[in-house]
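**Q** need a 3D model of the following:
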Amino acid sequence: MDIEPFALERFFAEHEAGADLMLAESGVRSLSAARFDTAPGELGYVVPTAGDPDFRAAVGSLHDRSAVETLFTCGTQEANFLAFLGTVESHAVVVTPTYGSLTAVPRSLGEVTEVPLGEDWRLDPDAVVEALRPETDLVVLNNPNNPTGRYHDESAVRAVYDACADNDTYLLCDEVYRLLADEPIPPVAGFGEYGLSTAGVSKPFGLAGLRFGWLCGPESVVERAERWKDYTTISPPKIGQHVARQAFDEREELLAESRALAADHRAVVADFLDERGLAWSNPDCGVNALVEVPDGFPDGETFCRQFVAEESVVLAPGEAFGLPGRFRIGYGLPLAELEAGLGRLGNFLERHR
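**A** Got it, this is the predicted structure:
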């Protein structure tokens, strides 16, 4: 298994720790630990190592899946990783642009065909169907999409699922931003036998530090993923599960806060970009967007490196998503930090007009 470097994370590792502001954060502002009971008792393994059965049943029920069809993981990242290990043998189709691991990990296990989003960053089911082969093991979709912020509608996703089912192919949907939608479409895991959903509490709840996520899908795939998990993290984090359950119980209140923040901050960024004539992906869900690189800069990498060098603010270069003419901005951070970061971006653009 030979895997390529994770371009986005390597860029962040190079710049994030020394910068004043992170304007490329992909989740909603972090909640204080003081809001929760953080004392789960003895800090042993979670037993059973798939996660608490009652909690798995509660999460699974929201995906039309049972406890045995639900596996708790160390974040959505591990959920995706285990799903790939449990499904990909020959060929995968990945809808792009997307989060780097959703192409890199399948490519380390087999051949990958990338299918770009269509006009206006919309999912084109016909293009996905055209990429299917008899030996295709998995189709990978990120919905709502990172980095564009586009939320693909249910009819388009169901068309992809139906084609996958007819081809004896699983559809994995990374739905880590789904609960930020005012009216989330049903999770893919509930579409039928071939549906897999991954998600977690990092993005919509603002609880990235818990490292808590899940995989829901057919028992056969979840069982294979659990066998692989014995060789990765064995069990989910005990503190993570303890706090995540509290957040899950309070999810209506917490998600309402996150959705309001996302809507308010999107408007702030939209006004900023409009005033400066910068085109963006016009996101309709989540807290990410792609922005075109301003004139005078050859590519996203150059723009982002010069910006962080001069203003100590991190943006994400489009090269990390295969789109060198753009950069990703995140607007889920606290409002004061967002306004400060945009202020520095405005000063930078003014200097380089």
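**Q** tell me the domain ranges of the chain?
**A** Listed by automatic domain parsing, the domain ranges of the chain are 7-26+252-351, 38-249.
**Q** please enumerate the helices of the stretch 51-200 of the chain.
**A** For the stretch 51-200 of the chain, the helices defined by DSSP state H, counting those that start in this stretch cover 53-61, 75-87, 101-109, 125-131, 154-166.
**Q** hang on, the earlier thing: just name the most buried of the domains of the chain.
**A** Most buried of the domains of the chain, by mean neighbour count (mean count of other C-beta atoms under 10 Å): domain 38-249, with a mean of 20. C-betas here are computed from N, CA, C, even on glycine.
**Q** for Ala165, see how far away Ser101 is.
**A** Going from Ser101 to Ala165 by C-beta to C-beta, to the nearest Å gives 25 Å.
**Q** for Ile185, same thing?
**A** Taking C-beta to C-beta, one finds Ile185 at 17 Å from Ala165.
**Q** ditto for Thr198
**A** For Thr198, the distance to Ala165 - C-beta to C-beta - is 19 Å.
**Q** cool, and Glu16?
**A** 41 Å.
**Q** ditto for Val287
**A** In terms of C-beta to C-beta, Val287 sits 32 Å off from Ala165.
**Q** now the strands for this structure?
**A** All strands of the chain, identified by DSSP state E, fall at 21-22, 70-73, 91-96, 111-116, 136-142, 170-174, 195-200, 213-216, 288-292, 313-314, 316-317, 326-330.
**Q** pLDDT of stretch 343-353, averaged?
**A** For stretch 343-353, mean pLDDT rounds to 95.
**Q** kindly apply the preceding question to stretch 167-184 instead.
**A** 97.
**Q** ok, stretch 41-55 next?
**A** On average, the pLDDT along stretch 41-55 is 96.
**Q** and what of stretch 202-217?
**A** Averaged across stretch 202-217, the pLDDT comes to 97.
**Q** now that stretch: how far from the chain's centre is it?
**A** 10 Å (C-alpha atoms, centre = their mean, to the nearest Å).
**Q** same question for stretch 292-300.
**A** Relative to its chain's centre, stretch 292-300 lies at 25 Å (C-alpha atoms, centre = their mean).
**Q** right, so of the helices of the stretch 51-200 of the chain, which gets closest to Leu207?
**A** With C-beta to C-beta, the closest approach to Leu207 among the helices of the stretch 51-200 of the chain belongs to helix 75-87: 10.2 Å.
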